[in-house]
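# no sequence for this one, just the structure:
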């Protein structure tokens, strides 16, 4: 098979990384809003970042060692749904958790952090397993690949010594 058949898959994976990273960057941007609306301390807001990190790390460890026991195709399809559910929980915090806004924010953070962990563990091997016209250069981090595609036209071989 030609590697051109896999370009759409590779670009989809890169787009997924870009979309997920923008979704996971949203909560810190809303810290001031959360503080003003719900009166949550900066310490608790910083703890949301810790919850995000620990959840992603836990999912990374689980799926790194036990990937063969999960259906990867279904898991990849569930990732965007988990991200959407987490952001929906964030949006519905005033309705679902009027007295306990922080609990709602933690629930939303855990929900989309699971998707982040899955994205980290499952998309990188997917991209690495795709055939390519160019040899691997060592710069295979998805964020680096997206930046190269967007800003430098996509050919990264001239950057490798």
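Nice, thanks for sending it over. These numbers come from a predicted model, not from an experiment.
# identify each buried residue in the helix or strand encompassing residue 102, please.
Under the criterion DSSP states H and E, the helix or strand holding residue 102 is helix 101-129. Residues 101-102, 104-123, 127 are the ones in helix 101-129 that count as buried (16 or more other CB atoms under 10 Å). Quick note: C-beta positions are derived from backbone N, CA and C, even for glycine.
# the helices in the chain, which residues?
Shown for the chain, the helices assigned by DSSP state H span residues 7-29, 31-38, 42-66, 72-91, 93-96, 101-129, 142-151.
# reformat those as JSON lines; add mean pLDDT.
Output for the helices of the chain, formatted as JSON lines (pLDDT from 0 to 100):
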{"stretch": "helix 7-29", "mean pLDDT": "81"}
{"stretch": "helix 31-38", "mean pLDDT": "90"}
{"stretch": "helix 42-66", "mean pLDDT": "90"}
{"stretch": "helix 72-91", "mean pLDDT": "85"}
{"stretch": "helix 93-96", "mean pLDDT": "89"}
{"stretch": "helix 101-129", "mean pLDDT": "87"}
{"stretch": "helix 142-151", "mean pLDDT": "52"}
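# looking at the ones you listed, which one is packed in the most?
Mean neighbour counts were taken over the helices of the chain using mean count of other CB atoms under 10 Å, and the top value, a mean of 19, falls to helix 101-129.
# from residue 13, how far off is residue 84?
Separation of residue 84 from residue 13 (CB to CB, to the nearest Å) stands at 18 Å.
# can you tell me which residues contact residue 23?
Applying CB atoms under 8 Å, 6 or more residues apart in numbering, we find residue 23 in contact with 83, 86-87, 112.
# next: residue 35.
41-42, 45.
# try it again at 7 Å.
Contacts were defined as CB atoms under 7 Å, 6 or more residues apart in numbering; by that measure residue 35 touches 42, 45.
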